[in-house]
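Enquirer: predicted structure and sequence below. I'll ask about it afterward.
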Amino acid sequence: MAVIKMKDHIMEKEIAGYILAGGDNRRMSGRKKALLTYQNQTFYAHIKERMPAFMNVYLSVEQAAPYEALDADLVIDQYADMGPLGGILSGSLLTGAKINISLEEALKILEQHITRITDTQVVGLIEAVGRRTAQDLYSPIDQPPFARSPLDGYALRSEDSKGASPENSAELNVVDEILAGSYSPRRIGPKEAVRIMTGAPIPEGADAVIRQEDTDYGEEMVHIFKQVNPYDNYCFQGEDYQAGACLVHKGERMNAANTALAASMGYDSVAVFREPRIAIIATGDELRMPGEDLEAGQIYTSNQFLLAGRLMELGIAQMTTRKAPDAPAKVAACIKELAENHDLIITSGGVSVGKKDIMHDVAENLGCRKLFWRIRFKPGTPAMAFMYDSTCVLCLSGNPFGAGAGMELLVRPALSYLTGDAGFLAKEESAVMSEDFPKPSKMRRFLRAVLTGEEVRLSKGLASSGVLSTLKDCNCMIDIPAGSPGLKRGEEVCVRIL
C-alpha cells in the first residue's frame, strides 16, 4: 500500500486509472466498498483487473488505515463533504509528479536535476590521485627525451659486430662509460664501444647495444660474441610519446597510470574538479550508535555505515554521517544545515507509508516538491527524491538490502551525474544461473548473488530486504525483469557488478 499525498503528483502525460471508493459507506452498513469480496477477490481487485491498459491505478479513499492490506496506491479524499466530486477533485490536484515509475525514468529525472560540479582546484600529484582532471595534460617533451639503452651492455656500431661468434669474436676498444643520469659527448668511431647501463643515453655514432652477457665484460677492450643488427636493443627518442601529445584528457580520473604520466611529463601539480561532498542521514527512533547500550525495542544503526562504507569504496572522501529521530522538524533542520555545504544528501528510512515514515512530511516542511516517489523495483520500492535549493536529497529504504540496492541503482548514477565520471556506474555482465530461483517476480527484482567466472548463484541465507548478513559475500545483483516466472539453472541472466 502507498498513500499518495498532495505533494506527490501523478506522472506528467500519464493516463491513469482512478477508482472512487471513499465516503461514509452508509448504503453498505459501514462496510468499505473496495474491500467487499466476490468470488474470493475484493471489489478493488476485480475492478483493477478490468483496467489492464493503465500503467497505474489509484484508489480514492476516505482514510488509509482500513486499506493497509491492499496492494494499492491510495489517494486520500481531501473534500469528503463533496461526495464523488470531492474524490475526483483530490485526484486532479495530484497531476504533475512522478509516482511508481521505472528505474530508467527515475535516473533520467535525477540527471535532469543534479548540477554537475564545476569548481576546480590545483593540487599536488599525490593529492590528485582518484580525482578528475579539470585540464588536458600536454607533454612539453619527448619520452624518452633521448635515445636510450634498455639494458646493461655496450653501445656500438652494428657493422663492427658482423660475423661475431663465440669462436670468432669481434674486438672493440672501450672508449667511455655512460651510467643512467650521465651523458657522453663522444662520438663512437670504427671498432669502438662504450660501456652503457640501462636507461643511459646512447652516444652518437652507435646504432645498437649488445647485452653484456654476450661479451667478456671487458673494460679497456671488449670481445663481442654475437652479431647485432641495426637498432637492436635501441629505444628511440619519443617512442613512448612525443612533445605536444595530450596524454591525460580533461575529466579523466587520475589513477596510478595517469599520475605517473603526469609526473613523466614534468607536472608537479594538476587542476582537478572539487571532490563531491556527500551527507548521510539514518532516521529512526529505534537506532543507537555501536558501543551504546541497547534498551528494549532498540537496534544498532548499520545503514549509515553500509552507505558510508560503500561510498568510501567508490572513492568518496568528503562525507558527513548523521543519525536523526523520527521527527520531521528535526530531520528537516538537519537537511537545511547539511545542504549548505553538501552536493548530495542520502537518507535511509521513513519513505514508506507507516506512522513513522516521515520523509513525506520532511519534504513538505522544507517546501519541496518530490521529484519522484516509488520506483518499480524490489527491494527499495518506496525510494524518493526531492531538491532542497540546489542539493538533491535522495531517500532510500530503511531495510538494509533496500538501502544497499538503492546505493547501487540510484546513488551511483547520481554520483556520475554530479561528477561527470562514468566510473561510478556499475558494470553489467551476462552470467549463467548455477541454480534455480523458482519464485515469480511481478515487479522488477534485484537479487543478492555471487558471480564466479561465468556462473552466478544466489547468496546463501535469507533473502528478505531486512536481512544484512547475506550481503557479506555478495559481489553482484541479478537483474530479474518484471513478469519473470522464475529462473532456471542454465538460464542466462544480467548481473550488475558491485
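Expert: Sure thing, it's come through.

Enquirer: now the terminal residues of stretch 33-40, how far apart.
Expert: 15 Å (CA to CA, to the nearest Å).

Enquirer: tell me the buried residues in it?
Expert: Lys33, Ala34, Leu35 (16 or more other CB atoms under 10 Å). Yep, even glycine has a C-beta here, placed from its N, CA and C like the rest.

Enquirer: Val272 is in contact with Ala134, correct?
Expert: Yes. If you go by CB atoms under 8 Å, Ala134 and Val272 touch, sitting 5.5 Å apart.

Enquirer: find residues that contact each of those two.
Expert: Thr120 (CB atoms under 8 Å, 6 or more residues apart in numbering).

Enquirer: more crowded one of those two?
Expert: The neighbour count for Ala134 versus Val272, taken as other CB atoms under 10 Å, is higher for Val272 (21 against 18).

Enquirer: partners of that one in the sheet?
Expert: Judged by DSSP bridges, the bridge partners of Val272 are Gln121, Thr133.

Enquirer: how near is it to Asp421?
Expert: 11 Å (CB to CB, to the nearest Å).

Enquirer: intersection of neighbour lists for those two?
Expert: With CB under 8 Å, 6+ apart, Val272 and Asp421 have common neighbours Arg132.

Enquirer: which parts of this protein are helices?
Expert: 43-49, 84-92, 103-113, 125-128, 256-264, 303-313, 328-339, 359-365, 400-406, 412-419 (DSSP state H).

Enquirer: reformat those helices as JSON lines; add distance to Ile210.
Expert: As requested, the helices of the chain are arranged in JSON lines below (distance: least, CB to CB, whole Å):
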{"stretch": "helix 43-49", "distance to Ile210": "85"}
{"stretch": "helix 84-92", "distance to Ile210": "88"}
{"stretch": "helix 103-113", "distance to Ile210": "60"}
{"stretch": "helix 125-128", "distance to Ile210": "37"}
{"stretch": "helix 256-264", "distance to Ile210": "28"}
{"stretch": "helix 303-313", "distance to Ile210": "50"}
{"stretch": "helix 328-339", "distance to Ile210": "67"}
{"stretch": "helix 359-365", "distance to Ile210": "74"}
{"stretch": "helix 400-406", "distance to Ile210": "60"}
{"stretch": "helix 412-419", "distance to Ile210": "52"}
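
Enquirer: out of those helices, which is the most enclosed?
Expert: For the helices of the chain, ranked by mean neighbour count under the definition mean count of other CB atoms under 10 Å, the leader is helix 400-406 at a mean of 26.

Enquirer: give me the contacts around that one.
Expert: By CB under 8 Å, 6+ apart, helix 400-406 touches 302-303, 306-307, 310, 348, 377, 379-380, 383, 394, 396-397, 446, 448, 464-468, 470-471, 477.

Enquirer: likewise for stretch 453-464?
Expert: Contacts for stretch 453-464 (CB under 8 Å, 6+ apart): 401, 431-435, 437, 447-450, 467, 469-471, 473-474, 476, 478, 493, 495.

Enquirer: likewise stretch 482-492?
Expert: 376, 430-445, 478, 480, 493.

Enquirer: mind running it again at 7 Å?
Expert: 376, 430, 432-444, 480, 493 (CB atoms under 7 Å, 6 or more residues apart in numbering).

Enquirer: buried subset of these, written for ChimeraX?
Expert: Applying 16+ other CB under 10 Å to the contacts of stretch 482-492, the buried members can be selected in ChimeraX as follows:
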select :376,433,434,437,441,444,480,493
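
Enquirer: the contacts of stretch 482-492 in strands, which ones?
Expert: Ser430, Val432, Met433, Arg444, Ile480, Val493 (DSSP state E).

Enquirer: what sits against Ala384?
Expert: That one is not Ala; residue 384 is Met. Met384 neighbours (CB under 7 Å, 6+ apart): Val351, Met359, Lys370, Phe372, Trp373, Cys395.

Enquirer: so what's it bridging to?
Expert: Judged by DSSP bridges, the bridge partners of Met384 are Trp373, Cys395.

Enquirer: any idea how far it lies from Glu104?
Expert: On the measure of CB to CB, Met384 and Glu104 end up 17 Å apart.

Enquirer: equivalent analysis for Pro84, please.
Expert: On the measure of CB to CB, Pro84 and Glu104 end up 36 Å apart.

Enquirer: what does Gly205 give?
Expert: Gly205 is 66 Å from Glu104, by CB to CB.

Enquirer: in stretch 454-473, what's buried?
Expert: Those would be Val456, Arg457, Leu458, Ser459, Ala463, Ser465, Leu468, Thr470, for stretch 454-473 by 16+ other CB under 10 Å.

Enquirer: just the endpoints, please. Distance across that stretch?
Expert: 17 Å.

Enquirer: surely Tyr154 meets Ala193?
Expert: Yes. Counting by CB atoms under 7 Å, Ala193 is a contact partner of Tyr154 at 4.4 Å.

Enquirer: okay, and the common contacts of these two?
Expert: Val222.

Enquirer: show the contacting residues for Ile202.
Expert: Ile202 neighbours (CB under 7 Å, 6+ apart): Ala147, Arg148, Ser149, Ala155, Ile196, Val209, Tyr234.

Enquirer: how about TSV for the residues you listed, with pLDDT and distance to Ser60 added?
Expert: Shown next, in TSV, are the contacts of Ile202 (pLDDT from 0 to 100; distance: CB to CB, whole Å):
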residue	pLDDT	distance to Ser60
Ala147	97	83
Arg148	97	80
Ser149	97	84
Ala155	98	90
Ile196	98	88
Val209	98	87
Tyr234	98	83
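
Enquirer: so how do I select the buried members of those in ChimeraX?
Expert: In ChimeraX syntax, the buried subset of these is picked out as below (16+ other CB under 10 Å):
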select :147,148,149,155,196,209,234
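
Enquirer: quick one: low-confidence ranges for the protein?
Expert: 1-16, 22-30, 55, 76-82, 85-86, 88-97, 353 (pLDDT under 70).

Enquirer: if I pick Val467, what's in contact with it?
Expert: So Val467 contacts Phe401, Gly461 (CB under 7 Å, 6+ apart).

Enquirer: start at 42, not 1
Expert: Okay, using 42 as the starting number, the last item reads as Val508.

Enquirer: so how far is Gly527 from Ser500?
Expert: 17 Å.

Enquirer: over to Thr362?
Expert: Thr362 is 39 Å from Gly527, by CB to CB.

Enquirer: more neighbours, those two?
Expert: Using other CB under 10 Å, the more surrounded residue of Thr362 and Gly527 is Thr362, with 17 against 12.

Enquirer: residues in a beta bridge with the more buried one, which ones?
Expert: Under the criterion used (DSSP bridges), Thr362 bridges to Ile321.

Enquirer: so who does it touch?
Expert: Ile321, Gln345, Ala349.

Enquirer: can I assume the second one is in contact with Ile321?
Expert: Yes. In this structure, Gln345 sits in contact with Ile321. The criterion is CB under 7 Å, and the distance is 5.2 Å.

Enquirer: which residues does the residue lying closest to Ala380 once chain neighbours are set aside bridge with?
Expert: Leaving aside its chain neighbours, Ala380 sits nearest to Thr432 (4.1 Å; criterion: CB to CB, 6 or more residues apart in numbering). Going by DSSP bridges, Thr432 is paired in beta bridges with Tyr429.

Enquirer: mind putting the contacts of Thr362 into a markdown table with distance to Tyr179?
Expert: Formatted as a markdown table, these follow (distance: CB to CB, whole Å):
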| residue | distance to Tyr179 |
| --- | --- |
| Ile321 | 39 |
| Gln345 | 43 |
| Ala349 | 38 |
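
Enquirer: rewinding a little: closest one to Arg294 out of the ones in strands among the contacts of stretch 523-533, please.
Expert: Ser471 (26.3 Å; CB to CB).
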